[in-house]
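*Asks:* okay, predicted coordinates and the sequence, questions at the end:
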Amino acid sequence: RTKQWYQRRVRGSTSSQPSSEDIMMMKLPSLCLFIISTFVFVHAQEPTLFPLPSSLSYGSVPVGISSSNFSITSASKSPLLWQAINRYWDTLLFPFKEIGKNPSTVSLSSLSVTVVSSDETLQLGVDESYTLLIPTGSSASLTAQTVFGAMRGLETFSQLVQWNFTSGLYSVLVTPVSIQDKPRFVWRGLMIDTARHYLNPSTILRTIDAMSYSKYNTLHIHAVDAQSFPVMSKAYPQLAEKGAYAPTATYSVDELQNIVEYAYTRGIRVVLEIDVPGHSAAWSKAFPNMTAYCPSYMGNINNIPLDPTNPFTYEVLEGFLTEMASYFPDQYLHTGGDELVTGCWLQDTNITAWMKKHGMSNTLALEQYFENALSQIVWRANRTMVTWQDPFDNGVVLPKGTIIEVWSDPTSLQSVVKAGYQGLLAYGWYLDRQIPDPPSTHYEWVDTWLDFWNRDPLENITVNQNLVIGGEAVMFGEQVDSSNFDSRVWPRACAQGERLWVPQNVTNVNDAKYRLIGHRCRLAQRGIGAGPIAPDYCPIPF
């Protein structure tokens, strides 16, 4: 607008002075900057805890804290706990070198950690609660029922320790602090896709770190799909040897077990997904007779399903899934089941002849036959099935212990739990979608975090709310690999993670934005490539 007024003046406009409208437009950028600055700095003394604790109170007295005279103590001899304590001490509590002398007359000298239970089994529903007390004095305390609750409390404590890049000092600005915290849902997951694009193991480990910083507890790995089969198997090595993009685009058994162990030390379960019977073209690279033959569907690789009439299909599935269960100790195994193209089955003459012989008049009967056989394989592997909603939608009767994940619409979750199944929500939390929650759209795509934060799993659930056990943010990998994964996922996924942690009555989106700006910077300072959601300054210690 300033340029337009200048051009009018140069061209001989009758007025050599800007109009009041011109003046207002000239001032608008400064006004916007002032509003942004006010938003960022008005909360300067408030902690940017993310996710927000379920019960929190704090004061306004700053207490200094220095790496030179602070310690974390515990009577516990648990290696798992001490590994977590050392991780926070070594890299997360004090990322910047202190350059000043703390002027505070009161300093925090210790954090005492108490874990009640010696049971370190990580399973769905494990107690993650904790109590954190930071007085206006020298000693803070963290108490948790389990080591995994202690990990969540250590993360909260670390978020309260703030660095002042002007003074070069650390402090807790808001003592006394009293926090009693626990998650709202027991399944707080992130799904990653290692089949559409191979993700380097270092990317997966870094993702686990970022998940722990945001109090996620479940990593769902969509491991194989039509495009590639990157998972190495001792029983069937040819699956990855022929089905992966390249020999370097595979995960060895050692790498798979390292991912599981790394996640365990951060309180994160790893749930493997082997998506069948659809999306199965990669199996045919090693075993062509495992998949259906349907020439008119071959143009789209995603159309090709397994052949459910071939006994060899179940032989390979049982051997492979049983082997995978030995590497992934979690009780749950995700078997996919989505987007089955049954028309391909009907075009395979061997399959239709088998159906006729066995009195099957439609593909639902064949899908039910497959899921029955698959559920028995999973049962014999001592695992419990998780599936996408599609088999349920199609009318397949699944074992009652099955967990069903809803992805396609906002209303199916009610049908799932009404039928007595435990349900997970993924709909509305797809990180790969430009419009994850139609018709809501945003000028800047990163602002989809607002849609994720506002989506509540219990919305429109009036029956059997207790069967909704959580949900997952989903990043399918058609357009992400290790080069851009971090910035596509973080910090937007944090919004979904908070929604699954905080009480339902937490609805102040402006407060969430302030805290997410701070948490995004914290992620970046810890080596996560999380992109900004608003103008700010984020000093990086490397």
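*Replies:* Received the coordinates, thanks. Numbers count the residues shown, from 1 in each chain.
*Asks:* ok, the residue most central in space within the chain - contacts?
*Replies:* Taking C-alpha atoms, centre = their mean, the centroid of the chain lies closest to residue 190, which sits 2.6 Å from it. Neighbour list for residue 190: 207, 211, 216, 218-220, 472-475, 489, 493, 497 [criterion: C-beta atoms under 8 Å, 6 or more residues apart in numbering]. C-beta coordinates here come from the backbone N, C-alpha and C atoms, glycine included.
*Asks:* in JSON lines: the residues you listed, plus pLDDT.
*Replies:* Formatted as JSON lines, the contacts of residue 190 follow (pLDDT from 0 to 100):
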{"residue": "207", "pLDDT": "98"}
{"residue": "211", "pLDDT": "98"}
{"residue": "216", "pLDDT": "98"}
{"residue": "218", "pLDDT": "98"}
{"residue": "219", "pLDDT": "99"}
{"residue": "220", "pLDDT": "98"}
{"residue": "472", "pLDDT": "98"}
{"residue": "473", "pLDDT": "98"}
{"residue": "474", "pLDDT": "98"}
{"residue": "475", "pLDDT": "98"}
{"residue": "489", "pLDDT": "98"}
{"residue": "493", "pLDDT": "98"}
{"residue": "497", "pLDDT": "98"}
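*Asks:* among these, name the ones in strands.
*Replies:* 218, 219, 220, 472, 473, 474, 475 (DSSP state E).
*Asks:* on that earlier part again, average pLDDT for the helix or strand harbouring the residue nearest to the centre of the chain, rounded please.
*Replies:* Here residue 190, judged by DSSP states H and E, is contained in strand 187-193. Averaged over strand 187-193, pLDDT sits at 98.
*Asks:* just checking: what are the partner strands of that strand?
*Replies:* Under the criterion DSSP bridges, strand 187-193 sits next to strand 218-224 (parallel), strand 468-475 (parallel) in its sheet.
*Asks:* run the chain-centre distance for that strand.
*Replies:* 4 Å (C-alpha atoms, centre = their mean, to the nearest Å).
*Asks:* same check, this time on stretch 152-159
*Replies:* 18 Å.
*Asks:* stretch 393-400 too?
*Replies:* So, by C-alpha atoms, centre = their mean, the centroid of stretch 393-400 is 27 Å from its chain's centroid.
*Asks:* hang on, the earlier thing: got the CA coordinates for the strand holding residue 190 in PDB?
*Replies:* Provided in PDB are the C-alpha atoms of strand 187-193 (Å, rounded to 0.1, in the frame of the first residue of the first chain):
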ATOM      1  CA  TRP A 187      -3.300 -46.000  23.500                       C
ATOM      2  CA  ARG A 188      -1.600 -42.900  22.200                       C
ATOM      3  CA  GLY A 189       0.000 -43.800  18.900                       C
ATOM      4  CA  LEU A 190       1.800 -42.700  15.900                       C
ATOM      5  CA  MET A 191       1.700 -44.800  12.700                       C
ATOM      6  CA  ILE A 192       4.700 -44.700  10.300                       C
ATOM      7  CA  ASP A 193       4.900 -46.300   6.900                       C
END
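*Asks:* buried sites along that strand?
*Replies:* Neighbour counts over strand 187-193 (16 or more other C-beta atoms under 10 Å) mark 187, 188, 189, 190, 191, 192, 193 as buried.
*Asks:* which non-adjacent residue is nearest the second one?
*Replies:* Excluding the flanking residues, the one nearest residue 188 by C-beta to C-beta, 6 or more residues apart in numbering is residue 500, at 4.2 Å.
*Asks:* so which elements touch the helix or strand containing the one you found?
*Replies:* Here residue 500 sits within helix 492-501, counting by DSSP H and E. Contacts defined by 3 or more C-beta pairs under 8 Å, 6 or more residues apart in numbering; DSSP states H and E place helix 492-501 against strand 187-193, helix 449-454, strand 468-475, helix 509-525.
*Asks:* using PDB, list the CA coordinates for it.
*Replies:* Written as PDB, here are the backbone C-alpha positions of helix 492-501 (Å, rounded to 0.1, in the frame of the first residue of the first chain):
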ATOM      1  CA  ARG A 492       1.600 -31.200  14.200                       C
ATOM      2  CA  ALA A 493       1.500 -34.700  15.700                       C
ATOM      3  CA  CYS A 494       2.000 -33.200  19.100                       C
ATOM      4  CA  ALA A 495      -1.500 -31.700  18.900                       C
ATOM      5  CA  GLN A 496      -3.000 -35.100  18.500                       C
ATOM      6  CA  GLY A 497      -0.800 -36.500  21.200                       C
ATOM      7  CA  GLU A 498      -2.000 -33.800  23.600                       C
ATOM      8  CA  ARG A 499      -5.600 -34.500  22.800                       C
ATOM      9  CA  LEU A 500      -5.200 -38.100  23.900                       C
ATOM     10  CA  TRP A 501      -3.400 -37.100  27.100                       C
END
